[in-house]
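Colleague: no letters, just coordinates:
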DNA sequence: CTACAATATGAGTTATAGCTCATATTATTG
DNA sequence: CAATAATATGAGCTATAACTCATATTGTAG
């Protein structure tokens, strides 16, 4: 089905000054979201905080939703880069070590901006899933394929799904709701153990 | 910190007819939420759909948030009852069987009203966590304590956390996004295996 | 039957949000 | 240094949402 509202910019910023404008808008939006939540993040307030007129805002974003989508995209990409970089460095490692690194990277990624992450997750209406999320799925898929000799996975797609959701949900919930579980690497260890026992072929 | 807006009714319905009114409002709200989402669920529309005047609505709910809280509470309780009933019937069973029943019950609970569940989760602003959710956590805690002889859990609280979040997130995501994983009990089996290998004491 | 409490009504108030558009300013290009 | 394109401005339009309140109707108790 066709999207009802576009989320792509109506104009692409070409000169430097307009890129600054777009940047300021996204930063202001993120700040307001983390400080006061989605409800109070009106487009007028975002423009004001960005030091930009409301008219300028609507030069580059067709509607409020487009701003939210851009904020989410930026943030998700930042997180994805951390995970990607970590995974790419574990190519030669054992499953156990690699899983541990993966888990650590996910925790680090969630620490980029936990408050923004929470608001994006709980308050900002999500329509289309971000491209960065799809990238993560592909990454994990590769991760498993490369280790197919030590991994138990009859149904690859299902295993990727379980791997991704389990890490994301546990790390996310811990960072936001139970930071104490992150002390002394408790969650990190238990989560690695959980995944390792699930993925390892029985000996 | 004190809540800024109350979610408790301003009047308690006493006669039967007012109970009907409250009921009609909650049912209408749930229908609109599942059909058109949170954004279009205005209080006026809810009242109209319920066949009740907007004034009556505000006799029993101090604000829109209170309606949403009530809808969530109802739905969460329905789900919690299914899980509770299943768990209470596995007291004499082995860890493996009991876990399997638990997982099956969670899947059944998510099938009560998947669309409403999704909207409540993704769109409706959540302020206080529902009491039914807390009940589930206690339930799982008991579940583990009763089986302490066959369960590995140094940190009980952390283990409850992992157990609860893993089941909820995987079942939820599957019901909403990947119903195909529910075919032939695929998820049910894999999820049980995941949890069993995590909780079992090494032999 | 009467008096009072509970319940129901809906037009109207208030507030604010998203967004437009005519116009002004700044940059680029040839 | 024109001429044109890119960018910026903000007062104000439109729409709709949450919520109130004076009043009417229905139930209940003595």
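Modeller: Structure's in. What do you need? Given the structure is predicted, the values throughout are model-derived calculations rather than measurements. Numbering: from 1, shown residues only, chains lettered A, B, ... in the order given.

Colleague: near DNA strand C, which residues of chain A are found?
Modeller: A:5, A:15, A:17, A:40-45, A:54-55, A:58, A:62-65 (CB under 7 Å from any atom of the strand). Quick note: C-beta positions are derived from backbone N, CA and C, even for glycine.

Colleague: from these, pick the one nearest chain B.
Modeller: Closest approach to chain B among the residues of chain A next to DNA strand C (CB to the nearest CB): residue A:65, at 10.7 Å.

Colleague: so which elements touch the helix or strand the closest one falls within?
Modeller: Per DSSP states H and E, residue A:65 falls inside helix A:64-88. The contact analysis (3 or more CB pairs under 8 Å, 6 or more residues apart in numbering or on different chains; DSSP states H and E) places helix A:64-88 against helix A:16-36, helix A:43-50, helix A:95-110, helix A:114-122, helix A:131-146.

Colleague: can you put these in TSV and add mean neighbour count, distance to DNA strand D and mean pLDDT?
Modeller: Shown next, in TSV, are the helices and strands packed on helix A:64-88 (neighbours: other CB atoms under 10 Å in any protein chain shown; distance: least, CB to the nearest atom of the strand, whole Å; pLDDT from 0 to 100):
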stretch	mean neighbour count	distance to DNA strand D	mean pLDDT
helix A:16-36	17	4	97
helix A:43-50	18	7	98
helix A:95-110	20	32	97
helix A:114-122	18	18	93
helix A:131-146	15	24	91
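
Colleague: now those helices in a markdown table, please, with extra columns for distance to chain B.
Modeller: Listed next are these as a markdown table, based on distance: least, CB to the nearest CB, whole Å:
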| stretch | distance to chain B |
| --- | --- |
| helix A:16-36 | 12 |
| helix A:43-50 | 16 |
| helix A:95-110 | 13 |
| helix A:114-122 | 7 |
| helix A:131-146 | 11 |
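
Colleague: residue B:145: which of these is closest?
Modeller: Closest approach to residue B:145 among the helices and strands packed on helix A:64-88 is made by helix A:95-110 (27.2 Å; CB to CB).

Colleague: quick one: contacts of that closest one?
Modeller: Residues outside helix A:95-110 that contact it (CB atoms under 8 Å, 6 or more residues apart in numbering or on different chains) are A:78-80, A:82-83, A:85-87, A:89-90, A:93, A:117, A:143, A:147, A:150-151, A:167-168, A:171-172, A:175, A:182, A:187-188, A:191-192, A:195-196, A:199-200.

Colleague: of those residues, select the buried ones using a PyMOL command.
Modeller: In PyMOL, this line selects whichever of the contacts of helix A:95-110 come out buried by 16 or more other CB atoms under 10 Å in any protein chain shown:
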select buried, chain A and resi 79+80+82+83+86+87+90+117+143+147+151+167+168+171+172+175+182+187+188+191+192+195+196+199
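
Colleague: from the centroid of chain A, which residue is nearest?
Modeller: Closest residue to the average C-alpha location of chain A: residue A:76 at 3.2 Å, with CA atoms, centre = their mean.

Colleague: so what's it up against?
Modeller: A:130, A:132-133.

Colleague: could you confirm residue A:154 falls within a strand?
Modeller: No - assigned with DSSP: H, G, I helix; E, B strand; the rest coil, residue A:154 falls outside any strand and is coil.

Colleague: quickly note the distance from it to DNA strand C.
Modeller: 47 Å (CB to the nearest atom of the strand, to the nearest Å).

Colleague: check which helix or strand the residue of chain A at minimum distance from DNA strand D maps to.
Modeller: Of all residues in chain A, residue A:55 sits closest to DNA strand D, at 1.8 Å by CB to the nearest atom of the strand. Using DSSP H and E, residue A:55 maps to helix A:54-60.
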